[in-house]
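Student: got a structure for you, letters missing:
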(Lines give C-alpha, C1' and ligand atoms only; values in the text may rest on other atoms or scores of the structure.)
Protein backbone atom coordinates (compact mmCIF):
# COMPACT_ATOMS: atom_id res chain seq x y z
CA UNK A 1 0.00 0.00 0.00
CA UNK A 2 1.35 3.40 -1.00
CA UNK A 3 1.60 5.93 1.78
CA UNK A 4 2.35 9.55 1.22
CA UNK A 5 5.41 10.66 3.10
CA UNK A 6 4.54 13.02 5.89
CA UNK A 7 6.46 16.24 6.38
CA UNK A 8 8.98 16.21 9.23
CA UNK A 9 7.60 17.48 12.48
CA UNK A 10 8.72 21.05 13.09
CA UNK A 11 10.41 21.68 16.42
CA UNK A 12 11.27 24.80 18.36
CA UNK A 13 10.05 27.99 16.69
CA UNK A 14 10.39 29.07 13.05
CA UNK A 15 13.79 30.49 12.21
CA UNK A 16 14.43 33.81 10.53
CA UNK A 17 17.64 33.46 8.52
CA UNK A 18 19.55 36.04 6.46
CA UNK A 19 22.08 34.87 3.86
CA UNK A 20 24.44 37.50 2.40
CA UNK A 21 25.53 36.49 -1.10
CA UNK A 22 27.88 38.16 -3.54
CA UNK A 23 27.96 38.66 -7.27
CA UNK A 24 31.46 37.76 -8.49
CA UNK A 25 33.12 37.55 -11.90
CA UNK A 26 33.68 34.07 -13.27
CA UNK A 27 37.21 33.04 -12.30
CA UNK A 28 38.52 33.37 -15.86
CA UNK A 29 37.11 36.91 -16.18
CA UNK A 30 38.58 38.61 -13.11
CA UNK A 31 40.19 41.96 -14.02
CA UNK A 32 41.58 44.66 -11.76
CA UNK A 33 41.58 48.42 -12.18
CA UNK A 34 45.27 49.45 -11.90
CA UNK A 35 44.31 52.94 -10.70
CA UNK A 36 41.92 52.06 -7.85
CA UNK A 37 43.04 48.51 -7.12
CA UNK A 38 39.41 47.32 -7.23
CA UNK A 39 37.77 44.61 -9.31
CA UNK A 40 36.36 45.78 -12.66
CA UNK A 41 32.74 44.63 -12.69
CA UNK A 42 31.25 46.56 -15.62
CA UNK A 43 30.62 44.42 -18.67
CA UNK A 44 31.90 41.24 -16.98
CA UNK A 45 29.88 38.01 -16.82
CA UNK A 46 29.05 37.36 -13.17
CA UNK A 47 27.73 34.47 -11.09
CA UNK A 48 26.71 33.82 -7.50
CA UNK A 49 29.86 33.42 -5.44
CA UNK A 50 30.22 29.61 -5.52
CA UNK A 51 30.96 29.37 -1.80
CA UNK A 52 27.78 31.29 -0.96
CA UNK A 53 25.74 28.46 -2.49
CA UNK A 54 26.74 26.29 0.49
CA UNK A 55 25.43 28.94 2.88
CA UNK A 56 22.14 29.02 0.96
CA UNK A 57 21.83 25.24 1.15
CA UNK A 58 22.58 25.21 4.89
CA UNK A 59 19.86 27.80 5.44
CA UNK A 60 17.36 25.90 3.28
CA UNK A 61 17.94 22.70 5.25
CA UNK A 62 17.37 24.51 8.54
CA UNK A 63 14.15 25.95 7.14
CA UNK A 64 12.97 22.50 6.03
CA UNK A 65 13.65 21.06 9.48
CA UNK A 66 12.40 23.85 11.72
CA UNK A 67 10.30 26.12 9.51
CA UNK A 68 10.86 29.81 9.02
CA UNK A 69 11.95 32.22 6.31
CA UNK A 70 15.16 32.99 4.45
CA UNK A 71 16.15 36.42 3.11
CA UNK A 72 18.97 36.66 0.59
CA UNK A 73 20.99 39.88 0.84
CA UNK A 74 23.46 41.25 -1.68
CA UNK A 75 25.46 44.47 -1.99
CA UNK A 76 26.41 45.59 -5.47
CA UNK A 77 25.27 47.34 -8.66
CA UNK A 78 21.71 46.88 -9.97
CA UNK A 79 22.91 43.84 -11.95
CA UNK A 80 23.26 41.98 -8.64
CA UNK A 81 19.49 41.60 -8.74
CA UNK A 82 20.10 38.57 -10.96
CA UNK A 83 21.96 36.60 -8.28
CA UNK A 84 19.25 37.44 -5.76
CA UNK A 85 16.61 36.03 -8.10
CA UNK A 86 18.71 32.88 -8.42
CA UNK A 87 18.73 32.55 -4.63
CA UNK A 88 14.94 32.90 -4.60
CA UNK A 89 14.65 30.26 -7.33
CA UNK A 90 16.59 27.89 -5.05
CA UNK A 91 14.08 28.39 -2.22
CA UNK A 92 14.70 31.70 -0.43
CA UNK A 93 11.50 33.50 0.56
CA UNK A 94 12.58 37.02 -0.26
CA UNK A 95 15.62 39.15 -1.07
CA UNK A 96 17.09 42.61 -0.54
CA UNK A 97 19.54 44.50 -2.75
CA UNK A 98 21.94 47.05 -1.23
CA UNK A 99 23.01 49.37 -4.03
CA UNK A 100 24.35 52.91 -4.22
CA UNK A 101 27.25 54.53 -6.05
CA UNK A 102 28.55 55.71 -2.69
CA UNK A 103 29.20 52.06 -1.75
CA UNK A 104 31.54 51.41 -4.69
CA UNK A 105 35.19 50.60 -4.00
CA UNK A 106 34.46 49.42 -0.45
CA UNK A 107 36.99 47.16 1.23
CA UNK A 108 35.95 44.39 3.63
CA UNK A 109 35.62 46.84 6.53
CA UNK A 110 33.29 49.20 4.67
CA UNK A 111 31.40 46.33 3.03
CA UNK A 112 30.72 44.54 6.31
CA UNK A 113 29.56 47.82 7.88
CA UNK A 114 27.07 48.51 5.10
CA UNK A 115 25.76 44.94 5.11
CA UNK A 116 25.42 45.02 8.90
CA UNK A 117 23.25 48.13 8.65
CA UNK A 118 21.15 46.40 6.00
CA UNK A 119 20.72 43.39 8.31
CA UNK A 120 19.46 45.77 11.00
CA UNK A 121 17.00 47.28 8.53
CA UNK A 122 15.62 43.86 7.59
CA UNK A 123 14.60 43.33 11.21
CA UNK A 124 14.77 40.62 13.87
CA UNK A 125 16.59 37.44 12.88
CA UNK A 126 17.97 34.26 14.40
CA UNK A 127 20.99 33.60 12.22
CA UNK A 128 23.10 35.16 9.50
CA UNK A 129 24.73 32.42 7.43
CA UNK A 130 27.58 33.28 5.07
CA UNK A 131 29.94 31.41 2.78
CA UNK A 132 33.52 30.91 3.87
CA UNK A 133 34.84 33.64 1.54
CA UNK A 134 34.35 35.26 -1.86
CA UNK A 135 36.32 33.94 -4.81
CA UNK A 136 37.20 37.42 -6.10
CA UNK A 137 38.63 38.82 -2.83
CA UNK A 138 39.52 35.60 -0.98
CA UNK A 139 39.77 37.38 2.39
CA UNK A 140 37.08 35.62 4.50
CA UNK A 141 36.67 38.88 6.44
CA UNK A 142 33.20 40.15 5.53
CA UNK A 143 31.26 37.53 7.52
CA UNK A 144 33.23 38.09 10.74
CA UNK A 145 33.06 41.83 10.04
CA UNK A 146 29.26 41.75 9.98
CA UNK A 147 29.27 39.87 13.28
CA UNK A 148 31.62 42.46 14.81
CA UNK A 149 29.48 45.41 13.73
CA UNK A 150 26.32 43.73 15.09
CA UNK A 151 27.95 42.32 18.25
CA UNK A 152 26.94 38.75 17.37
CA UNK A 153 28.48 35.49 18.55
CA UNK A 154 30.17 33.84 15.57
CA UNK A 155 31.26 30.39 14.44
CA UNK A 156 33.51 30.18 11.38
CA UNK A 157 34.45 27.20 9.18
CA UNK A 158 31.29 25.33 10.15
CA UNK A 159 31.17 21.92 8.48
CA UNK A 160 27.94 20.58 10.00
CA UNK A 161 24.84 22.03 11.62
CA UNK A 162 23.40 19.37 13.95
CA UNK A 163 20.34 20.93 15.55
CA UNK A 164 18.50 24.02 16.74
CA UNK A 165 17.37 23.51 20.32
CA UNK A 166 16.62 25.66 23.36
CA UNK A 167 17.55 28.85 21.51
CA UNK A 168 20.95 27.53 20.49
CA UNK A 169 22.41 26.06 17.30
CA UNK A 170 24.50 22.91 17.75
CA UNK A 171 27.23 22.60 15.15
CA UNK A 172 30.62 21.22 14.20
CA UNK A 173 33.48 23.53 13.29
CA UNK A 174 36.41 22.46 11.13
CA UNK A 175 39.76 23.11 12.85
CA UNK A 176 43.35 22.02 12.25
CA UNK A 177 43.17 19.11 14.70
CA UNK A 178 39.77 17.82 13.53
CA UNK A 179 36.34 19.07 14.58
CA UNK A 180 35.19 21.38 17.35
CA UNK A 181 31.67 20.92 18.77
CA UNK A 182 29.94 24.20 19.60
CA UNK A 183 26.60 25.36 20.96
CA UNK A 184 25.99 28.92 19.75
CA UNK A 185 23.15 31.09 21.09
CA UNK A 186 20.89 32.88 18.63
CA UNK A 187 20.99 35.44 17.16
CA UNK A 188 24.39 34.55 15.73
CA UNK A 189 26.48 34.51 12.57
CA UNK A 190 27.75 31.29 11.01
CA UNK A 191 30.17 30.97 8.10
CA UNK A 192 30.19 27.56 6.45
CA UNK A 193 32.62 25.47 4.40
CA UNK A 194 31.85 23.14 1.49
CA UNK A 195 31.44 20.10 3.72
CA UNK A 196 28.24 21.51 5.26
CA UNK A 197 25.98 20.42 2.37
CA UNK A 198 25.70 19.94 -1.38
CA UNK A 199 23.88 22.91 -2.98
CA UNK A 200 20.62 22.13 -4.77
CA UNK A 201 19.62 23.37 -8.19
CA UNK A 202 16.94 26.03 -8.76
CA UNK A 203 13.45 24.67 -9.43
CA UNK A 204 11.04 25.68 -12.18
CA UNK A 205 8.52 26.77 -9.57
CA UNK A 206 11.23 28.82 -7.87
CA UNK A 207 12.27 30.46 -11.13
CA UNK A 208 8.69 31.47 -11.87
CA UNK A 209 8.30 32.94 -8.38
CA UNK A 210 11.61 34.83 -8.65
CA UNK A 211 10.49 36.42 -11.92
CA UNK A 212 7.42 37.89 -10.22
CA UNK A 213 9.06 38.84 -6.93
CA UNK A 214 9.58 42.54 -6.27
CA UNK A 215 12.97 42.94 -4.60
CA UNK A 216 13.44 46.11 -2.52
CA UNK A 217 16.64 48.14 -2.80
CA UNK A 218 18.41 49.75 0.17
CA UNK A 219 20.65 52.78 -0.35
CA UNK A 220 22.01 55.82 1.47
CA UNK A 221 18.52 57.32 1.52
CA UNK A 222 16.78 54.54 3.45
CA UNK A 223 19.59 53.07 5.56
CA UNK A 224 20.96 54.52 8.79
CA UNK A 225 24.58 54.98 7.71
CA UNK A 226 27.68 56.87 8.77
CA UNK A 227 29.23 58.34 5.60
CA UNK A 228 32.73 57.94 7.08
CA UNK A 229 32.47 54.16 6.66
CA UNK A 230 31.17 54.02 3.10
CA UNK A 231 32.80 53.07 -0.17
CA UNK A 232 36.36 53.71 -1.22
CA UNK A 233 36.71 56.82 0.98
CA UNK A 234 35.56 54.91 4.03
CA UNK A 235 37.91 51.98 3.45
CA UNK A 236 40.96 51.89 5.74
CA UNK A 237 42.79 49.48 3.41
CA UNK A 238 43.87 50.47 -0.10
CA UNK A 239 45.51 48.56 -2.93
CA UNK A 240 48.46 50.78 -3.83
CA UNK A 241 49.92 48.72 -6.65
CA UNK A 242 49.00 45.78 -8.86
CA UNK A 243 51.58 43.76 -10.75
CA UNK A 244 51.50 40.61 -12.82
CA UNK A 245 54.15 38.17 -11.57
CA UNK A 246 56.97 37.65 -14.04
CA UNK A 247 58.36 34.22 -14.84
CA UNK A 248 62.11 34.45 -14.33
CA UNK A 249 62.96 30.81 -14.99
CA UNK A 250 62.99 29.21 -18.41
CA UNK A 251 61.58 25.72 -18.30
CA UNK A 252 62.08 22.93 -20.78
CA UNK A 253 59.23 20.91 -22.25
CA UNK A 254 60.04 17.27 -22.92
CA UNK A 255 57.65 15.21 -25.03
CA UNK A 256 57.47 11.49 -24.33
CA UNK A 257 56.53 9.48 -27.41
CA UNK A 258 58.02 6.06 -26.75
CA UNK A 259 60.14 4.05 -24.30
CA UNK A 260 63.38 5.47 -25.68
CA UNK A 261 62.35 9.10 -25.22
CA UNK A 262 61.01 8.26 -21.75
CA UNK A 263 64.36 6.76 -20.73
CA UNK A 264 66.23 9.78 -22.11
CA UNK A 265 63.93 12.18 -20.26
CA UNK A 266 64.43 10.35 -16.95
CA UNK A 267 68.23 10.37 -17.41
CA UNK A 268 68.17 14.10 -18.18
CA UNK A 269 66.04 14.81 -15.11
CA UNK A 270 68.31 12.80 -12.84
CA UNK A 271 71.38 14.63 -14.20
CA UNK A 272 69.69 17.98 -13.51
CA UNK A 273 68.76 17.01 -9.94
CA UNK A 274 72.32 15.78 -9.37
CA UNK A 275 73.80 19.09 -10.58
CA UNK A 276 71.41 21.00 -8.28
CA UNK A 277 72.56 18.90 -5.32
CA UNK A 278 69.05 17.57 -4.70
CA UNK A 279 69.98 13.89 -4.85
CA UNK A 280 71.68 12.34 -1.80
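Tutor: That came through fine. The shown structure was predicted, so the numbers you read here are calculated from the model rather than taken from an experiment.

Student: show me what contacts residue 197?
Tutor: Applying CB atoms under 8 Å, 6 or more residues apart in numbering to residue 197 gives the contacts 54, 57, 58, 61. C-beta here means a position set from N, CA and C on the backbone, and glycine is covered the same way.

Student: which of those sits closest to residue 237?
Tutor: Using CB to CB, residue 54 comes nearest to residue 237 of those, at 26.5 Å.

Student: tell me the SS of that closest one?
Tutor: Put simply, residue 54 is helix when judged by DSSP: H, G, I helix; E, B strand; the rest coil.

Student: give me the neighbour count for it.
Tutor: Using other CB atoms under 10 Å, residue 54 is surrounded by 24 other residues.

Student: could you point out the longest strand in this protein?
Tutor: For the chain, the strand with the greatest residue count under DSSP state E is strand 154-165.

Student: poorly predicted segments of the stretch 51-200 of the chain, please.
Tutor: For the stretch 51-200 of the chain, no stretch is flagged by pLDDT under 70.

Student: can you show me the strands along it?
Tutor: Under the criterion DSSP state E, counting those that start in this stretch, the stretch 51-200 of the chain contains strands at 68-75, 94-98, 127-131, 154-165, 168-175, 178-185, 188-192.

Student: select, out of these, the one closest to residue 258.
Tutor: Across these, residue 258 has its closest neighbour in strand 168-175 (46.9 Å, CB to CB).

Student: for that closest one, packing partners?
Tutor: On a contact count with 3 or more CB pairs under 8 Å, 6 or more residues apart in numbering; DSSP states H and E, strand 168-175 meets strand 154-165, strand 178-185, strand 188-192.

Student: just say which of the ones you listed is most tucked in.
Tutor: Highest mean neighbour count of the helices and strands packed on strand 168-175: strand 188-192, a mean of 27 (counted as mean count of other CB atoms under 10 Å).

Student: neighbouring contacts of whatever helix or strand comes next after that one?
Tutor: Downstream of strand 188-192, the next assigned helix or strand under DSSP states H and E is helix 204-212. Residues outside helix 204-212 that contact it (CB under 8 Å, 6+ apart): 85, 86, 88, 89, 90, 91.

Student: which residues are in contact with the third one?
Tutor: Under the criterion of CB under 8 Å, 6+ apart, the contact list for residue 88 reads 72, 94, 95, 206, 209, 210, 213.

Student: buried ones from these, can you make that a ChimeraX selection?
Tutor: In ChimeraX, this line selects whichever of those come out buried by 16 or more other CB atoms under 10 Å:
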select :72,94,95,206,209,210
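
Student: mind putting the contacts of residue 88 into a markdown table with distance to residue 124?
Tutor: As requested, the contacts of residue 88 are exported to a markdown table (distance: CB to CB, whole Å):
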| residue | distance to residue 124 |
| --- | --- |
| 72 | 17 |
| 94 | 15 |
| 95 | 18 |
| 206 | 25 |
| 209 | 24 |
| 210 | 25 |
| 213 | 21 |
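
Student: I appreciate the help and will end here.
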